[in-house]
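Q: Let's see this in three dimensions:
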Amino acid sequence: MRRPIEESIYDPTLTRDEKLEILYRHYSVIGKTDGEPDNLLHAVMSEGLTDIEAAKYWTGAGGSRKWARYHAAAAVRSDPNAVEALALWAQLIPVDRVNDREAAYLAVLERAPTHRGSLAYLASVTTMDRPYESMEYAQRLLDVHPDALFGYESMGLAYERVGDPDTAASYYEKGIEATGSGFLLQVLDRLQNGESWIQPIDTVQPTVPSDDLPNSPTPSSPPAATSPPDEPPSRGPVPKPPAPAPAPTPPPETPEPVERYQNALNDYRAMADEYESITGQTYRGVANFCDYLRQSSNPMACRYVELAQQHLDAGRAEEAASVLQSAARHFPNDPLIQERMKQRR
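A: Predicted coordinates for the structure are as follows:
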């Protein structure tokens, strides 16, 4: 009598290759539907790996966003300050959840203020709707990574968006000189020939560009065989294997550090909109972004403080206090916010 497929997969005496061979033979037989090949393949290929190692495997060679997200989220839960795990989790968020990805990359920047991928993503995703924020991230990116193509591209597009094509062209030219990018050369040619697809922000309804990250391939499954041999008999007595592991319970959809930034972003956007409705002025974000970052590694803390300062400059102390209170609620340990709260007292 053949052993159940699950018993073979969880047999500690078998090697990974032997387990894969069993999966290959078992699921290549027409009508074999017992068990879950996806779960069993995951069990085999993730065996002995840490969560971050498994997340990297399933992101790349394993080709399964489901299992990559599962392990990346587990790694973040075990160590909320793990930059590598948090950045990988952010990358794996579905492309239509732009706000969630923005919050995740902000959480990465709080822990690693010069993280190249996070700065590049934030500069890119804010270009259309919030070009001044895009400039801040892009300039920060170029300050620490002067060869970053995305930095020059985002700066140029953002300046086009606010109606300054001359400055946009200067950034494209700098980018071509620094990176030799043929893409930037094409963008510059279109701009100089009056064929740019970017329209100034006051002439169109803003839209957020689609994410440029490629989609991961679909989940892997065991390969099919044309003439499968019978499964080999058991090689003899083996230690009693553990009961087949149940399908893993999906981890919380959003790790705590990212959820905190989601809430902070929502509150900040609402208060920035309120500032515009009260003053009749377009809120442009942080005027001295890099100066604030000398006191805090948290870009959102900088934005809250700047918004409060602009309310104060407009003679609206009550609104400024409300902004700082919200900032302190979301980021109670941030040194910049703590300093401003002390000044209020």
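
Q: care to break this structure down by domain?
A: 1-48, 124-208, 256-344 (automatic domain parsing).

Q: hang on, residue 92 packs against residue 65?
A: Yes: Residue 92 is within contact range of residue 65, at 5.8 Å (criterion: Cβ atoms under 8 Å). Every C-beta, even on glycine, is put in place using the N, C-alpha and C of the backbone.

Q: got JSON lines for the domains of the chain, with mean neighbour count, distance to residue 80 and mean pLDDT too?
A: Listed next are the domains of the chain as JSON lines, based on neighbours: other Cβ atoms under 10 Å; distance: least, Cβ to Cβ, whole Å; pLDDT from 0 to 100:
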{"stretch": "domain 1-48", "mean neighbour count": "16", "distance to residue 80": "22", "mean pLDDT": "61"}
{"stretch": "domain 124-208", "mean neighbour count": "18", "distance to residue 80": "23", "mean pLDDT": "89"}
{"stretch": "domain 256-344", "mean neighbour count": "17", "distance to residue 80": "5", "mean pLDDT": "85"}
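
Q: wait, what's in contact with residue 190?
A: 196-197 (Cβ atoms under 8 Å, 6 or more residues apart in numbering).

Q: if we go to 7 Å?
A: Residues near residue 190 by Cβ atoms under 7 Å, 6 or more residues apart in numbering: residue 196.

Q: Ok, residue 86 next?
A: Residues in contact with residue 86 (Cβ under 7 Å, 6+ apart) are 76, 104, 107-108, 257.

Q: out of the domains of the chain, nearest to residue 112?
A: Counting by Cβ to Cβ, residue 112 lies closest to domain 256-344 out of those; the figure is 8.3 Å.

Q: Quick check: phi and psi on residue 60?
A: Recorded main-chain torsions at residue 60 are phi -100, psi -100, according to degrees, to the nearest 10.

Q: Strands of the stretch 151-300 of the chain, start to end?
A: Taking DSSP state E, counting those that start in this stretch, the stretch 151-300 of the chain contains no strands at all.

Q: All the helices of the stretch 201-345 of the chain, in order from the start?
A: According to DSSP state H, counting those that start in this stretch, the stretch 201-345 of the chain carries its helices in the segments 256-279, 289-293, 299-313, 317-330, 335-344.

Q: before we move on, what about the stretch 1-150 of the chain?
A: Counting by DSSP H, counting those that start in this stretch, the helices of the stretch 1-150 of the chain are 5-9, 16-27, 37-46, 51-59, 65-78, 83-92, 98-111, 116-125, 131-144, 149-161.

Q: Out of those, the one nearest residue 314 is which?
A: When the helices of the stretch 1-150 of the chain are compared (using Cβ to Cβ), the closest one is helix 131-144, at 17.9 Å.

Q: now for the closest one, which elements pack on it?
A: Applying 3 or more Cβ pairs under 7 Å, 6 or more residues apart in numbering; DSSP states H and E, we find helix 131-144 packed against helix 116-125, helix 149-161, helix 289-293.

Q: rerun that using 10 Å as the cut-off
A: helix 98-111, helix 116-125, helix 149-161, helix 165-179, helix 289-293, helix 299-313 (3 or more Cβ pairs under 10 Å, 6 or more residues apart in numbering; DSSP states H and E).

Q: can you put those helices in JSON lines and add distance to residue 142?
A: Formatted as JSON lines, these follow (distance: least, Cβ to Cβ, whole Å):
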{"stretch": "helix 98-111", "distance to residue 142": "15"}
{"stretch": "helix 116-125", "distance to residue 142": "9"}
{"stretch": "helix 149-161", "distance to residue 142": "4"}
{"stretch": "helix 165-179", "distance to residue 142": "9"}
{"stretch": "helix 289-293", "distance to residue 142": "11"}
{"stretch": "helix 299-313", "distance to residue 142": "16"}
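
Q: rewinding a little: mind picking the two most distant members of the contacts of residue 86?
A: Among the contacts of residue 86, 76 and 108 lie farthest apart (Cβ to Cβ), at 10.6 Å.
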